[in-house]
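Colleague: quick one: sequence plus predicted model below, questions after.
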Amino acid sequence: MWNEANQILNQAAERIRHGMAEFLPGLLAFVLVLILTLVIAWVVRTMVRRSLRKFDFDRRAAQWGFPTLAEWSPAKSPTLLMARLSFWTIVLLGALAGLSALDASLTNMLTVRLFAYFPNVVAALLILIVGTFMARFLARGVLISAVNMQIQSARLLSLGVKWLVIVLAGAMALEHLGIGGDIVRLSFGILFGGIVLALALAVGLGSKEMVSRSWERQVDHAEEEPSEQFHHL
Amino acid sequence: MAELSDARVVAEQTERDLERLSGADLVVGVASYNSAETIDGVIAACRAGFAGHFPGARAVIVHADGGSKDGTLERARQAAEGDPFLQVPYSIHPIDRLSDDLTSMPGKASAHQTIFSVAQKIGAKVCIVLSGAVRGVTPDRIERLASPILEQEFDFVAPYYRRHKLDGGIGKGILDPMTRALYGKRIRQAGPSEFGVSGRFADRCLAKETWNTDISSACGDLWLQLQALSGGFRICQTFLGTKVEHGGGSAPDLSTILSQLLGCLFGNMIDNAAIWQKTRGSEPVPVFGPPFESATEPAAVNLKRMVEAYRLGHRDLQGIWSMVLPPATLLELKKLAVRPDEQFRLEDQVWARTLFDFSLAYRLRTIGRDHLLRAFTPLYLGWAASFIRQIQEAGSEDVERHAEELCVTIESQKPYLISRWRWPDRFNP
């Protein structure tokens, strides 16, 4: 009996040794991949930081209409934010690649699924970035045009356009990430439909008198104002 | 109509006509696009001008048309009645048909280019350009625009019109003082729609690759005048009487006009920075013809609305202006916004620096150029309200004095422009 117990223990020890022998090279490979990734990430971070500083990215980001980017950034520098973002993206990708070296079915499956999902994340980020740019550009255009048309609520109009585009871009990004699914689409349908219906009801029923008074005021105002008899050009 | 629809036939016909007309002294180019109501009047004035003032000269009328569909071509041919006359088509890009051109004549730069090309092929010494879409063109205009070139070898003859004292604010406040400060020529009413040029100047313009690009097509007249100024050509002005207004079409809005003209001016500043930075002081340009004073009878003007437009711009466009203008200028603009209507006056120096800073922002692309130029509109209205307030009750001489004072101030601020232009980050008062 003692012999049998000894044999079982030996077999268990053998299995552990065998397992260790199989796992350790994978672990070593994982550590090596991680070290290599850290080195690459560090190089990329330095390069990104230097090139963006040379490009005067901090000032340009504010000029392009992203003054708040500085507030979210470490040391109020969008350059540092971009450098750190590139560093951690590479580290994350390297860690995922390293995990596959461990040769465990679970980590392998996780890696494959994460890698398959990664393009969606990139596309969603791209949509968000382009959407934010578009929102800023359109909002600025609307603001200037509205001011030149002497519309008193120009800023409100511009703000409305900005958030409309941002929310639309956000919804598109969420759909790309597969988050929310039909709920996002439905909420948008309901939200936009609701806004249009509310406006139609407000103008058609509730604010009928207010709108007519406003029109009358505008017509009276135009009649009161003398037509200008000179040319700017 | 039929012959203009077939490009090959046109080309052959035009070549034959060009050979026949070769060696003419004077070319009068008339540009048109759906101008049937006015074209015959312009061509009749040209013929009367030739007969009355240049009876011995070989003169040709070149009618450049952008594809009119309203019978302009037939009416022009009938009006020419056998005089040396050539009809040439000019191309209009589809985008030009949609654009709000300053004169409601799409592809005007292309028309000018076509007229200059014909003048070059004919070997004309003088080329006069008129718009076919204007009323009230008189025969003596041909003589007044052509004589300084034929007799005194000037290269560019710009018109000087009799206008109301309140008219032409963009010229008085921006184009005249800016061109004077930049190129040292005291030219008035810059950006004319009718002018005369020498063959030498036409050749030079045709060699320019930038002609008929985005900048020049939007305001071809100003572009040509700026080419003459920056190219060191001999420029003069001639009195042409009352300015004739355009025969048809709707005028574009003020911010479109401003963005086109400022885009043209600032674009020229970028191209010719080396030239204008060397230019010091200014000199008057010769003016021909009997002088006259500007009209001073009272005219309806809504100053309150202009001031309100400025205040609204100051309130809502602060974020954009602060990217363009230095703190000292912003402070002055803020003071102006809170000033009561009766004390509303924008100092000439602040206006000069504002103009210069916008030109710099255009060059540096601080924000999108179209946005930048359109964001200038409330500032212009503020200046215009301030200027009109000063001259509203003034006589002709006082109006001239105010305009001259502004020009002198802008000229005196040129070192500021040069410093900002050279060191935009280091020199930021």
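Modeller: The structure has been received and is ready for your questions.

Colleague: need the residues of chain B near chain A, please.
Modeller: B:102, B:164, B:166-171, B:251, B:253-255, B:257, B:299-302, B:305, B:308-309, B:312-313, B:316-317, B:320, B:323, B:366-368, B:371, B:374-375, B:377-378, B:384 (C-beta under 8 Å from any C-beta of the partner chain). (Glycine included, C-beta is placed from N, CA and C.)

Colleague: and the buried ones among those, selectable in PyMOL?
Modeller: Command for PyMOL that selects the buried part of the residues of chain B next to chain A, burial taken from 16 or more other C-beta atoms under 10 Å in any protein chain shown:
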select buried, chain B and resi 102+164+166+167+168+169+170+171+251+254+255+257+299+301+308+309+312+313+316+317+320+323+366+367+368+371+374+375+377+378+384
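
Colleague: and the residues of chain B next to chain A, which of them are in helices?
Modeller: B:169-170, B:254-255, B:257, B:305, B:308-309, B:312-313, B:316, B:320, B:323, B:371, B:374, B:377-378, B:384 (DSSP state H).

Colleague: in the stretch 101-250 of chain B, what residue is nearest chain A?
Modeller: In the stretch 101-250 of chain B, the residue that lies nearest chain A is B:L166 (3.9 Å; C-beta to the nearest C-beta).

Colleague: wait, that residue sits on B:I388?
Modeller: Yes - B:L166 lies in contact with B:I388 (C-beta atoms under 8 Å); the separation is 6.0 Å.

Colleague: need the overlap of contacts for these two.
Modeller: B:V301 (C-beta atoms under 8 Å, 6 or more residues apart in numbering or on different chains).

Colleague: strands of the stretch 51-200 of chain B, residue ranges please.
Modeller: Using DSSP state E, counting those that start in this stretch, the strands found in the stretch 51-200 of chain B span residues B:59-65, B:85-89, B:126-131, B:156-162, B:185-186, B:195-198.

Colleague: given the third one, what are its sheet partners and their directions?
Modeller: By that I understand strand B:126-131. Sheet pairing for strand B:126-131, assigned by DSSP bridges, gives strand B:26-32 (parallel), strand B:195-198 (antiparallel).

Colleague: give me the contact list for the last one.
Modeller: In other words, strand B:195-198. By C-beta under 8 Å, 6+ apart, the residues outside strand B:195-198 that reach it are B:116, B:125-129, B:145-146, B:148-149, B:153-159, B:205, B:221, B:224-225, B:228, B:233.

Colleague: and stretch B:279-287, how far apart are its ends?
Modeller: When the termini of stretch B:279-287 are compared using C-alpha to C-alpha, to the nearest Å, they are 22 Å apart.

Colleague: any buried residues in that stretch, and which?
Modeller: B:279, B:282, B:285, B:287.

Colleague: then stretch A:114-134?
Modeller: Under the neighbour-count criterion of 16+ other C-beta under 10 Å, stretch A:114-134 has A:124, A:127-128, A:131-132, A:134 buried.

Colleague: same deal with stretch A:38-56?
Modeller: Along stretch A:38-56, these residues count as buried under the neighbour rule (16+ other C-beta under 10 Å): A:41, A:45, A:48-49, A:52.

Colleague: so where is chain B shaky, pLDDT-wise?
Modeller: B:1-13, B:93-106, B:212-218, B:220, B:244-252, B:293-296, B:298, B:426-429 (pLDDT under 70).

Colleague: find the nearest non-adjacent residue to the residue positioned nearest the centre of it, please.
Modeller: Central residue of chain B (C-alpha atoms, centre = their mean): B:G191, 1.6 Å from the mean position. Of all residues not flanking B:G191 in the chain, B:L222 sits nearest, at 3.7 Å (C-beta to C-beta, 6 or more residues apart in numbering or on different chains).

Colleague: show me what contacts the one you found?
Modeller: B:175, B:190-191, B:261, B:264-265.

Colleague: pick out the most distant pair among those residues.
Modeller: B:A190 and B:C264 (10.5 Å; C-beta to C-beta).

Colleague: burial of the spatially closest residue to B:V287 that is not a sequence neighbour, as a residue count?
Modeller: Excluding its sequence neighbours, the residue lying closest to B:V287 (C-beta to C-beta, 6+ apart) is B:Q237, at 4.7 Å. B:Q237 has 27 neighbouring residues, counting by other C-beta atoms under 10 Å in any protein chain shown.

Colleague: wait, a helix at B:Q237?
Modeller: No - B:Q237 is assigned strand when assessed by DSSP: H, G, I helix; E, B strand; the rest coil, not a helix.

Colleague: just confirm B:S419 is within a helix.
Modeller: Yes - the assignment for B:S419 by three-state DSSP puts it in a helix.

Colleague: what about residue 24, helix or strand, and which?
Modeller: Looking at chain A here, since you left the chain open. If you go by DSSP states H and E, A:L24 is part of helix A:2-54.

Colleague: then B:W211?
Modeller: Applying DSSP H and E, one finds B:W211 in no helix or strand.

Colleague: would JSON lines of the buried residues of stretch A:38-56 with pLDDT and distance to chain B be doable?
Modeller: Formatted as JSON lines, these follow (pLDDT from 0 to 100; distance: C-beta to the nearest C-beta, whole Å):
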{"residue": "A:A41", "pLDDT": "93", "distance to chain B": "32"}
{"residue": "A:R45", "pLDDT": "92", "distance to chain B": "27"}
{"residue": "A:V48", "pLDDT": "91", "distance to chain B": "23"}
{"residue": "A:R49", "pLDDT": "89", "distance to chain B": "20"}
{"residue": "A:L52", "pLDDT": "88", "distance to chain B": "17"}
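
Colleague: buried sites along the helix or strand hosting B:V399?
Modeller: Secondary structure from DSSP H and E places B:V399 in helix B:396-412. For helix B:396-412, the neighbour count (16+ other C-beta under 10 Å) marks B:399-400, B:402-403, B:406-407, B:409-411 as buried.

Colleague: contacts for that helix, please.
Modeller: So helix B:396-412 is contacted by B:165, B:172-173, B:176-178, B:180-181, B:186, B:281-282, B:293-294, B:296, B:348-349, B:351-352, B:355, B:387, B:390-391, B:394 (C-beta under 8 Å, 6+ apart).

Colleague: try stretch B:325-345
Modeller: B:303-304, B:307, B:310-311, B:314-315, B:321-322, B:346-347, B:350, B:353-354, B:357, B:379, B:382, B:385-386, B:389-390, B:428-429.

Colleague: got the end-to-end distance for that stretch?
Modeller: 19 Å.

Colleague: same thing with stretch A:199-215?
Modeller: Start-to-end, stretch A:199-215 (C-alpha to C-alpha) is 17 Å.

Colleague: likewise for stretch B:185-198?
Modeller: Terminal residues of stretch B:185-198 lie 19 Å apart, using C-alpha to C-alpha.

Colleague: centre of the chain to it, how far?
Modeller: 7 Å (C-alpha atoms, centre = their mean, to the nearest Å).

Colleague: so how many other residues sit close to A:L81?
Modeller: When neighbours are counted by other C-beta under 10 Å, A:L81 comes out with 20.

Colleague: by contact count, what packs against the helix or strand containing it?
Modeller: For A:L81, the enclosing helix or strand under DSSP H and E is helix A:78-101. When contacts are defined as 3 or more C-beta pairs under 8 Å, 6 or more residues apart in numbering or on different chains; DSSP states H and E, helix A:78-101 packs onto helix A:2-54, helix A:57-63, helix A:67-72, helix A:105-148.
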